[in-house]
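J.: Sequence below, structure please.
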Amino acid sequence: MLPTRVSHLLDIAKKAGLDAIAFNPGPSLTYLSGLHLGIMERPMILVITTDAKAALVLPELEMLKTKDLPFQTEVFPYGDNPATWGKAFRQASQALGLDGKKIGLEPNHMRVLELRYLEAAAPKAQFVAATESLAALRMQKDPNEITSMRKAVKLAQVALKATIPSIKPNVTEREIAAELTLQLLHHGLDSEFAFSPIVSSGPNSANPHASPTDRKLAIGDLLVIDWGAVVDGYMSDLTRTFAIGEVQPEFKRIAEVVLGANTAGRAAGRPGIAAGRVDHAARAVIEDAGYRVYFTHRTGHGLGIEGHEEPYMFGENTLLLAPGMTYTVEPGIYLPGRGGVRIEDDVVVTQDGSETLSDFPRELYVID
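T.: Prediction:
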């Protein structure tokens, strides 16, 4: 599988007119090589040229990780003395003939630290953002990747179901987040979390990216829980909204509207339509209900080995959906100072439409 991914990368790089692409430790490097290298104070870089040569610069302490690389790679290790680091980069540059070449980078991941070493090692090279080209590398998932995402969705849903008995008045947001985290681990979460759960209640639920606090749940609150799991390196990302006892009529109303928007957004996805159409479909429901100004973010984002990746579901996005693309649909209505509702599901584009991977009940879940 990994050599096939490298072959795909080379095709993408050639079409973009690039001579090489450089990767920091991160999702794409792992996707291509199988290596799990964490960002640290020491620089690390993988460079792959369009003539299928590769060089890896990394600390000596990480050398054992390179023994099972799936493609031929020349490794340039260095010791703890920072004065030796530049030499390793120069050796790698010379081995690949990088000076004077056009080298693509991932702007969202390339650090200044590695970039400066690369620039010094290949002073005549041209370093360019390869954002659009590299988005195509991972955007369409194969059946194995989708299977892993199905498992991540299932794990997340089982963990939330196990957490629900702990949701009650006078329990804090932090306590619920802690219980959900424990349940994710208990049910088989990979060592890495997709992201820290968002657990927001009452007025806090009107903040789409709130962090759990010591606020205690009270009767009449809306409670938003946004959580996910990781299986085989692939993520799920879901959101459900709860009512703590009886809530005011407008809260019930916005929950119905958001449910309608979620349904419309999920139904809109199919091959050949612009990603922006998904956003338009969900947003139209909320606008027609008179809550346009209270839907303050895009309808969704791509999902895979990153929590946020291409394709992004915003109205102006003309990218055409294709089978294997996976993304979230997560419309919301947020009433400042009062409360909010979001319903989020994970979707995969199929040959003739789309499939929702998640099936946890979407209606406002009342905690009696």
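J.: Now do the end-to-end distance for stretch 205-225.
T.: End-to-end distance of stretch 205-225 (Cα to Cα, to the nearest Å): 9 Å.
J.: meant to ask about stretch 123-137
T.: End-to-end for stretch 123-137, by Cα to Cα: 28 Å.
J.: Need the contact partners of that stretch.
T.: 5, 8-9, 12-13, 15-16, 18, 21-22, 28, 31, 98-108, 115, 118-119, 309-311 (Cβ atoms under 8 Å, 6 or more residues apart in numbering). Backbone N, C-alpha and C define where each C-beta goes, glycine included.
J.: measure the residue nearest the centre of the chain to residue 329 for me?
T.: By Cα atoms, centre = their mean, the mean C-alpha position of the chain lies nearest to residue 307, the distance being 1.5 Å. Relative to residue 329, residue 307 is positioned 15 Å away (Cβ to Cβ, to the nearest Å).
J.: follow-up on the earlier one: pretty sure the residue nearest to the centre of the chain contacts residue 226?
T.: No: checked against Cβ atoms under 8 Å, the pair residue 307 and residue 226 is beyond contact range at 10.7 Å.
J.: Pull up the overlap in contacts between these two.
T.: residue 237.
J.: and the least confident helix or strand in the chain by mean pLDDT, which residues are buried?
T.: Every helix and strand in the chain was compared by mean pLDDT, DSSP states H and E; the lowest is helix 131-138, with a mean of 88. Judged by neighbour count using 16 or more other Cβ atoms under 10 Å, the buried positions of helix 131-138 are 133, 134, 135, 136, 137, 138.
J.: Would you reformat the residues you listed as CSV and include distance to residue 354?
T.: Listed next are the buried residues of helix 131-138 as CSV, based on distance: Cβ to Cβ, whole Å:
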residue, distance to residue 354
133, 25
134, 24
135, 19
136, 19
137, 22
138, 19
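J.: So which of those is the closest to residue 283?
T.: Checking the buried residues of helix 131-138 against residue 283 by Cβ to Cβ gives residue 135 as the nearest, at 23.2 Å.
J.: Could you check how far the closest one is from residue 160?
T.: Counting by Cβ to Cβ - residue 135 and residue 160 are separated by 30 Å.
J.: now swap in residue 23 and tell me
T.: Taking Cβ to Cβ, one finds residue 23 at 34 Å from residue 160.
J.: So between the two, which is more surrounded?
T.: residue 23 (28 against 21; other Cβ atoms under 10 Å).
J.: tell me the contacts of that one?
T.: Residue 23 neighbours (Cβ under 8 Å, 6+ apart): 29, 32, 45, 46, 47, 48, 106, 109.
J.: For those residues, name the two members farthest from one another.
T.: Taking Cβ to Cβ, no two of the contacts of residue 23 sit farther apart than 48 and 109, at 14.8 Å.
J.: what about these two, which has more around it?
T.: residue 48 (25 against 17).
J.: three-state assignment of that one?
T.: Recorded secondary structure, residue 48: strand (DSSP: H, G, I helix; E, B strand; the rest coil).
J.: Tell me who's in contact with the closest residue in space to it that isn't next to it in sequence.
T.: Computed as Cβ to Cβ, 6 or more residues apart in numbering, the closest residue to residue 48 that is not its neighbour in sequence is residue 54, at 4.7 Å. Listed by Cβ under 8 Å, 6+ apart, the contact set of residue 54 reads 46, 47, 48, 71, 72, 73, 74, 96.
J.: Can you say which of those are buried?
T.: For those, buried by 16+ other Cβ under 10 Å: 46, 47, 48, 73, 96.
J.: Rebuild the contacts of residue 23 as CSV, extending it with distance to residue 281 and pLDDT.
T.: Shown next, in CSV, are the contacts of residue 23 (distance: Cβ to Cβ, whole Å; pLDDT from 0 to 100):
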residue, distance to residue 281, pLDDT
29, 35, 94
32, 35, 93
45, 42, 97
46, 40, 97
47, 42, 98
48, 39, 97
106, 31, 94
109, 32, 92
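J.: Return the closest of the residues you listed with respect to residue 351.
T.: So of the contacts of residue 23, ranked by how close each gets to residue 351 (Cβ to Cβ), first place is residue 32, at 26.6 Å.
J.: what number of residues lie near that closest one?
T.: The burial count for residue 32: 24, using other Cβ under 10 Å.
J.: just checking, it touches residue 3?
T.: No: using Cβ under 8 Å, residue 32 is not in contact with residue 3; the gap is 9.6 Å.
J.: From residue 171, how far out is the nearest residue to residue 258 once chain neighbours are set aside?
T.: Closest residue to residue 258 in three dimensions, ignoring its sequence neighbours and counting by Cβ to Cβ, 6+ apart: residue 341, at 4.7 Å. Per Cβ to Cβ, residue 341 is found 20 Å from residue 171.
J.: Just want to know which of the two has more residues nearby.
T.: residue 341 (31 against 15).
J.: can you confirm the more buried one is in a strand?
T.: Yes: per three-state DSSP, residue 341 lies within a strand segment.
J.: Please list all residues in contact with it.
T.: With Cβ under 8 Å, 6+ apart, residue 341 has these contacts: 205, 222, 224, 241, 251, 254, 255, 258, 332, 333, 334, 364.
J.: Buried among the residues you listed? Need that as a selection in ChimeraX.
T.: Listed next is the ChimeraX selection for buried residues among those, using 16+ other Cβ under 10 Å:
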select :205,222,224,241,251,254,255,258,332,333,334,364
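J.: Inside helices: which ones of the contacts of residue 341?
T.: Members of those lying in helices (criterion: DSSP state H): 251, 254, 255, 258.
J.: Fine by me, we can end here.
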